[in-house]
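Asker: A predicted structure for the sequence below; I have some questions about it.
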Amino acid sequence: MVSTLKTVLCSAAEATSAAHRSSKARAYGRWLLAGMVWLSLSMHVSAESLQAETVEPDADAVLDSDPSQETWYYGKKGLTYDPEGPTNLWIGLRLQTRFDDYPGQNPSAADLRLERDSEFDLNRGRLKGGGRLAADWLDVYFEYDQPSGYLLDLRATLQLGDQIFLRVGQWKSEYNRERIDSSGKQQMTERSISNYWFAIDRQAGVGLNGRFANGTRADSNWWLEYLSGEGRGGGWHSDSGLWLARYQWNPQGELLPFSQSDLKRRERLLTSIAFAMVDGRTPYSRFSSDGGGQLPGLTTADKDLTQLLLETAAHWRGVSWQQELHRKRVRDRTSGASRKMHGGYIQLGTFVNEWWQAWPTALEVAGRFSIVDPDRSLSGNTEKERTVGLNWFFNGHRNKLTLDYSWLNFEDFGDSATRNRLRLQWEFSF
């Protein structure tokens, strides 16, 4: 099955890559995004009246209502098309405006010493949509980023049984919680420094996932994926491919959502414990939304990659916790040399008004500590990040302000650098 799907997806991935390189396609995407902004704003103005007529109408209202208002309405994810039958599709916009006094990636002490101008711009502008298409068992999804011009996600998920699903296309691989969490549902403006070193990110692939023992102490989720190993926008090649496996235990018999902050102020403790691994052959040593790339000091284009993960998370009474511990080995298939690295983070957030009534209800405070050792065979090379953040929620993660401040301390074999960083971000989805 994998070989057949690889052949089919290869053509799709090559067509997608060509579209990314086309300036005309990017220009079309920008016009499409602008049009959707106008359309969604128009729908937002009338959302309240539409919901009043389409959500919980009385019997007489159903008989006298306008059919177009029953088919089209503004739902919780955006503009929604819901005709009679199994089809239920939605399309929405997500905007992320950010001020960053020191933008960019920071993989080394030398990079951290570079002088950069502060930025205030549209950090992310996402057009996304999906839902059930023509059948209850078929779910589709796409996501396009306007500032970069990248088609990030394009996938179809088929329900094979009550608790088993097949997915094909390109998506954010289900490896670690911090990366699976949408950037719009984070407690800080950006993920930890460990994300740079350990994320598997978006890949073309085919995967199975499921759940068993629902509602019991043994409640568990599992994922098994075969990925291209070429990163976002990459095609399929016979000498590249990654196997990914993730097991997640839900001790309370309920799934903890992939979303940071305990917005529900859960009275009952909800936890998650997960283990994951990745193994295979790839030309790249790191992955991001930009596609496949190389970590500092790793430049050859034929590698064996192995990664292991231990992860925990919890929500309770406005308090949220999550933690990841990573191990990674990159082996050069030509020279036989290998490099091992480890790292991770711990993160804690709380709505203080759960414990002190004078604290504003909408204000959350959070803290994170992240550490990475880029080469375990050597001493004197450690990267550390300490970040504190504040979130003011207007409408959950769909409309919020985030302010965070970081202390960065990198040591690279006697070369050290420190820097403080301030970021302010407005996240808005409609």
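Answerer: It's in.
Asker: how about the contacts made by the residue lying closest to residue 166 once chain neighbours are set aside?
Answerer: Spatial nearest neighbour of residue 166, excluding adjacent residues (CB to CB, 6 or more residues apart in numbering): residue 158 at 4.6 Å. Any C-beta I mention is one placed from the backbone N, CA and C, and that applies to glycine too. Going by CB atoms under 8 Å, 6 or more residues apart in numbering, residue 158 touches 137, 138, 139, 165, 166, 167, 168.
Asker: list the residues that contact the second one.
Answerer: Contact criterion CB under 8 Å, 6+ apart gives 132, 156, 157, 158, 159 as the residues in contact with residue 138.
Asker: go on, the first one?
Answerer: Residue 137 sits next to 158, 159, 160 when contact means CB under 8 Å, 6+ apart.
Asker: closest one of those to residue 359?
Answerer: residue 159 (43.3 Å; CB to CB).
Asker: the closest one against residue 165, yeah?
Answerer: Yes: applying CB atoms under 8 Å, one finds residue 159 in contact with residue 165, separated by 5.5 Å.
Asker: touching, residue 306 and residue 326? I think so.
Answerer: No: contact criterion CB under 8 Å: residue 306 and residue 326 do not qualify, at 11.5 Å.
Asker: of the two, which one has the most company?
Answerer: Comparing residue 306 with residue 326 by other CB atoms under 10 Å, the one with more neighbours is residue 326, at 23 against 16.
Asker: distance check, residue 338 against residue 279.
Answerer: 13 Å (CB to CB, to the nearest Å).
Asker: what of residue 251?
Answerer: 27 Å.
Asker: and these two? Which one has more around it.
Answerer: Each of residue 251 and residue 279 has its neighbours counted (other CB under 10 Å); residue 251 has more, 17 against 14.
Asker: give me the three-state assignment for residue 370.
Answerer: Residue 370 falls in the strand class when you classify it by DSSP: H, G, I helix; E, B strand; the rest coil.
Asker: what about it, how many neighbours?
Answerer: Residue 370 - counted by other CB under 10 Å - has 23 other residues nearby.
Asker: from residue 275, how far off is it?
Answerer: Counting by CB to CB, the gap from residue 370 to residue 275 is 20 Å.
Asker: same check on residue 171?
Answerer: From residue 171 across to residue 275, the span is 21 Å (CB to CB).
Asker: what does residue 104 give?
Answerer: Distance from residue 104 to residue 275, by CB to CB: 33 Å.
Asker: next one: residue 224
Answerer: Distance from residue 224 to residue 275, by CB to CB: 13 Å.
Asker: what do you get for residue 403?
Answerer: Separation of residue 403 from residue 275 (CB to CB): 34 Å.
Asker: same question, residue 410
Answerer: Taking CB to CB, one finds residue 410 at 29 Å from residue 275.
Asker: more neighbours: which of the two?
Answerer: residue 410 (25 against 13).
Asker: okay, and the beta partners of the more buried one?
Answerer: residue 383, residue 417 (DSSP bridges).
Asker: show the contacting residues for it.
Answerer: Residues near residue 410 by CB under 8 Å, 6+ apart: 106, 108, 109, 112, 382, 383, 384, 416, 417, 418.
Asker: residues in contact with the third one?
Answerer: Shown here is residue 109, whose contacts under the criterion CB under 8 Å, 6+ apart are 410, 411, 412, 415, 416, 417.
Asker: next up, phi/psi of it, please.
Answerer: Residue 109 adopts backbone torsions of phi -60, psi -40, taken as degrees, to the nearest 10.
Asker: just name the shakiest helix or strand of this protein by mean pLDDT.
Answerer: helix 47-54 (a mean of 36; mean pLDDT, DSSP states H and E).
Asker: any idea what residue 326 is bridged to?
Answerer: Under the criterion used (DSSP bridges), residue 326 bridges to residue 309, residue 343.
Asker: touching, it and residue 194? I think so.
Answerer: Yes: counting by CB under 8 Å, residue 194 is a contact partner of residue 326 at 6.3 Å.
Asker: give the residues shared as contacts by these two.
Answerer: Joint contacts of residue 326 and residue 194 (CB under 8 Å, 6+ apart) are 343, 344.
Asker: off-centre distance for the helix or strand where residue 329 lies?
Answerer: For residue 329, the host element (DSSP states H and E) is strand 319-332. Relative to the chain's own centre, strand 319-332 is displaced by 15 Å; criterion: CA atoms, centre = their mean, to the nearest Å.
Asker: what residues sit buried inside stretch 383-397?
Answerer: Across stretch 383-397, burial judged by 16 or more other CB atoms under 10 Å covers 383, 384, 385, 387, 389, 390, 391, 393, 397.
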